[in-house]
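A.B. asks: here is a sequence with its predicted model. Questions after.
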Amino acid sequence: MTLTPDDWEVIRLSLKVAIVGVAATLPIAFALAYALARGRFPGRILLDAIVHLPLVLPPVVTGWILLILFGRTGPIGAWLDHVFGVTLMFRWTGAALAAAVMALPLMVRAMRLSIEAVDRRLEGAARSLGAGRWRTFATITLPLSLPGILAGLVLGFARSIGEFGATISFVSNIPGQTRTLPIAIYTALQLPEGEGAVVRLACVSVALSLGALIASEWLVRRQGGRAHVL
Amino acid sequence: MSFEVEVEKRLGEAEIAANFTSGRGLTALFGPSGSGKTSILNMIAGLLTPDHGRIAVGGELLFGNGVDLPPEARHAGYVFQDARLFPHLRVRANLLYGARRGTSRIGLDEVVDLFGLERLLTRWPRTLSGGEAQRVAIGRALLSNPHFLLLDEPLASLDQARADEIMTMIERVRDELELPILYVSHNRAEVDRLASQVVPIRR
């Protein structure tokens, strides 16, 4: 089984969309996870619900909401276009945004659980040893929640690679821009002679997802301790 | 005066109150489990805020009259009942965690000698026995340039031989470093052996 140049283009695009989407989401996801794990503020439950919304909404609806907000005439889309000259519509960046939004709940969940699992008494011990809030966070909280951060990254990456519904309704199906792995497989399924491409791309999907999970497990085990992702 | 403590704190149903002034040497807070001894140490260390009161150690006001120093500014050498070593740092890094806060009266080499830690320096905390972990915890507190020590039942999880060993080390710290020490215990024999002053805490 050999991959064709078209297959490679789809794979490269999918990786780019997933990696950029997840990397851009990482700081936001961590901040949200930290706020939800530790914060006591009004509207916490509402924020929690909004973060989880993409997990339970039909992906097509999520894509449509993105279209409303980030389309050329949408409030955020018009602003981006006006201020930065950036459009997300029908571009791979739009696909990355859709992947990021769909990956966000999984990333926040994994990170939040690991932040909640950090023994706060260890933070108290660090404070009494002279570490301020920031040093305590950087040397105790962050390293102890690292397994969850990695797990969140991998789950988000795997989810992004598989993202279909929100992407196709937000940025459509454009070869080289928004035709990621699942959309390419869907397209091939519609074609009478597409079966070969379906098999090849499906194998790539399985390999990528499996590889991501095993890589994260290895990363977490390598740093010692009994933590694990799987 | 070493410790001047007058605090009150309501924690759920429990009302915790302490009012004592101690002299030099080792002062024991002595009372049954559940009488709030650990909460009193937490209030002195700045990990728990009293409802009202005043805390000063060695003449320095830590809490009261609008003052509420954060834990990192209180210079407490706090040894927790469960040692509370950082699980992701080896013993050496645990010992040195607080060493940035100025120079202690005692250095790493001395602490390693005093507590017999030479063979433990590269170990992970989870591989240590209870007595070993407690020795590391006391060393870590001493290396953080403390102005006073808070020891919370440091012998509670140890057998008699280990407990004797640690008590000997506490006596040396008390006599050689001349740090004010507040020692929490519910064990009469420990208190009789170590304390120059006993403060009873009632439920």
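C.D. replies: Yes, it's here.
A.B. asks: and chain A, is stretch B:115-126 touching that?
C.D. replies: Yes - counting by C-beta under 8 Å from any C-beta of the partner chain, chain A has neighbours in stretch B:115-126: residue B:124. From N, CA and C alone the C-beta is placed, and that goes for glycine too.
A.B. asks: would you map the helices across the chain?
C.D. replies: Here I'm looking at chain A. A:5-38, A:44-56, A:59-70, A:75-84, A:92-116, A:120-128, A:133-136, A:142-144, A:146-162, A:165-171, A:181-190, A:195-222 (DSSP state H).
A.B. asks: not quite, go with chain B.
C.D. replies: B:37-45, B:91-96, B:108-115, B:130-142, B:160-177, B:188-194.
A.B. asks: same list (these) but as a markdown table, adding distance to residue A:44, mean pLDDT and mean neighbour count.
C.D. replies: Converted to a markdown table, the helices of chain B look like this (distance: least, C-beta to C-beta, whole Å; pLDDT from 0 to 100; neighbours: other C-beta atoms under 10 Å in any protein chain shown):
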| stretch | distance to residue A:44 | mean pLDDT | mean neighbour count |
| --- | --- | --- | --- |
| helix B:37-45 | 26 | 95 | 24 |
| helix B:91-96 | 34 | 96 | 21 |
| helix B:108-115 | 44 | 90 | 17 |
| helix B:130-142 | 35 | 93 | 24 |
| helix B:160-177 | 44 | 88 | 15 |
| helix B:188-194 | 45 | 91 | 15 |
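A.B. asks: near chain A, which residues of chain B are found?
C.D. replies: So chain B meets chain A at B:42, B:45-47, B:70-72, B:74-76, B:78, B:80, B:84, B:86-88, B:97-98, B:100-101, B:124, B:140-141, B:144-145 (C-beta under 8 Å from any C-beta).
A.B. asks: what sits against residue A:44?
C.D. replies: A:35-36 (C-beta atoms under 8 Å, 6 or more residues apart in numbering or on different chains).
A.B. asks: ok, 6 Å please
C.D. replies: With C-beta atoms under 6 Å, 6 or more residues apart in numbering or on different chains as the criterion, no residue contacts residue A:44.
A.B. asks: ok, now how distant is it from chain B?
C.D. replies: 23 Å (C-beta to the nearest C-beta, to the nearest Å).
A.B. asks: do you know how far that residue is from residue A:54?
C.D. replies: 19 Å (C-beta to C-beta, to the nearest Å).
A.B. asks: and for residue B:5?
C.D. replies: In terms of C-beta to C-beta, residue B:5 sits 53 Å off from residue A:54.
A.B. asks: check residue B:34 too.
C.D. replies: 47 Å.
A.B. asks: ok, the two, which is more surrounded?
C.D. replies: residue A:54 (22 against 10; other C-beta atoms under 10 Å in any protein chain shown).
A.B. asks: the more buried one is in contact with residue A:101, isn't it?
C.D. replies: Yes - Residue A:54 lies in contact with residue A:101 (C-beta atoms under 6 Å); the separation is 5.5 Å.
A.B. asks: who in chain A is up against chain B?
C.D. replies: A:121, A:124-125, A:127-132, A:143 (C-beta under 6 Å from any C-beta of the partner chain).
A.B. asks: mind doing that once more with 10 Å?
C.D. replies: Selection of chain A residues close to chain B by C-beta under 10 Å from any C-beta of the partner chain yields A:119-133, A:135-136, A:139-140, A:143-144, A:146, A:223-227.
A.B. asks: distance check, the nearest residue to residue A:155 once chain neighbours are set aside against chain B.
C.D. replies: What sits nearest to residue A:155 in space, not counting adjacent residues and going by C-beta to C-beta, 6 or more residues apart in numbering or on different chains, is residue A:106, at 4.5 Å. According to C-beta to the nearest C-beta, residue A:106 stands 25 Å off from chain B.
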